[in-house]
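Chemist: sequence and predicted structure are below.
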Amino acid sequence: MDSHQTLISATAASLYFLLCVCMTNGELHRFIEPTKSDGSVSFITIGDWGRRGDYNQSVVAYQMGRVGEKIGLDFVVSTGDNFYDNGLFSEHDPNFKESFSNIYTAPSLQKQWYSVLGNHDYRGDAEAQLSSVLREIDSRWTCLRSFIVDAELVELFFVDTTPFVKEYYTEEDGHTYDWRAVPSRNSYVKHLLRDVEASLKRSKATWKIVVGHHAMRSIGHHGNTVELVEELLPIMKENGVDLYMNGHDHCLEHISDEDSPIQFLTSGAGSKAWRGDVDPTTNNPKSVRFYYDGQGFMSARFTHSDAEIVFYNVFGEVLHKWVTSKELLHSSV
């Protein structure tokens, strides 16, 4: 691609971003992703990845490219902790190119990347990852605190989960967080929950997915996030959410809710993994369908009637596949 074409592409991407952000009508920012001609939507979910290619990040990226081509990838979902160890220090931080642009180079991955912030991202300049400057550097990058991706039959509700966690506001955590946009934890969370609930109620999508960084249900290192279980999960149950996708724990896992159809899917194994760091007592063993504490990622494909979730390891091998129909999912509880 020559420089003129690159400029046109970047300009078009910027206009696309501005158009989508403005089309909010009082709810969360909304981005439009049309379904394919066969009526399906496919994406890859990856989390906890940005380490300049280290800890097998580059190997995972290669396998993502292969799977992305196979499934006809429409976009990529990032569940946060995008840049280690402490996010970006500015919008001109070379870590952006070194951990993102220079790593995910496969043709199939040249689609929009929709990202939320993780706790490590908040330890740096959180505003930098939201900056339009990054989109000028790499037009694939889309990162807001909370927003919606509307793919017609699928709607994904991205939620900024780091401000929920009360531990991060105390010295006990041992880290400094960029709270410039969160002057009051209680007020921020209250208004965010209100906006998420209103957006979920308006949704007419066949499949509703909530995406956040922190796990609601996990047998990995961090376990369940109590604040999300108490404050966000009830809203999800009341508004017909099908799936919750997250990172934070550096593993792959699938846990079923015990009293609703919601499935909890962790994809936080984009680079450094925590081998053997598991506590099976944090959740009912009968609800844990799959757990893998190595590196890898997850793909998702949806039609109006069916969903297919697949977990892959660093070699691109299928570790776990879960297939369901809309009728089955909502009659299983």
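Modeler: Okay, I see it. Residues are numbered from 1 along each chain as shown.

Chemist: just the element for Ala128, please.
Modeler: Mapping Ala128 onto the secondary structure by DSSP states H and E places it in helix 126-129.

Chemist: could you pull up the mean pLDDT of that helix?
Modeler: Averaged across helix 126-129, the pLDDT comes to 98.

Chemist: give me the buried positions along that helix.
Modeler: Of the residues in helix 126-129, those scored as buried under the neighbour-count criterion (16 or more other Cβ atoms under 10 Å) are 126, 128-129. Yep, even glycine has a C-beta here, placed from its N, CA and C like the rest.

Chemist: chain center to it, what's the gap?
Modeler: The gap between the average C-alpha position of helix 126-129 and the chain average comes to 17 Å, counting by Cα atoms, centre = their mean, to the nearest Å.

Chemist: what number of residues lie near His213?
Modeler: As a burial measure, the neighbour count of His213 was computed by other Cβ atoms under 10 Å and equals 31.

Chemist: oh, I was asking about Ser131
Modeler: Other residues close to Ser131 by other Cβ under 10 Å number 18.

Chemist: pretty sure it sits against Asp93.
Modeler: No: with contact defined as Cβ atoms under 8 Å, Ser131 and Asp93 do not form a contacting pair (10.5 Å).

Chemist: a strand runs through Trp274, doesn't it?
Modeler: No: note on Trp274: no strand contains this position according to DSSP: H, G, I helix; E, B strand; the rest coil, which reports coil.

Chemist: how about Val77, what does it touch?
Modeler: For Val77, the contact set (Cβ atoms under 8 Å, 6 or more residues apart in numbering) comprises 43-46, 113-115, 149, 156, 211, 245.

Chemist: can you say which of those are buried?
Modeler: Burial of the contacts of Val77 was assessed by neighbour count (16+ other Cβ under 10 Å); the buried members are 43-46, 113-115, 149, 156, 211, 245.

Chemist: looking at these, which one is closest to Lys201?
Modeler: Taking Cβ to Cβ as the measure, Leu156 is the one of the buried ones among the contacts of Val77 closest to Lys201, at 16.0 Å.

Chemist: what bridges to that closest one?
Modeler: With DSSP bridges as the criterion, the beta-bridge partners of Leu156 are Val149, Ile209.
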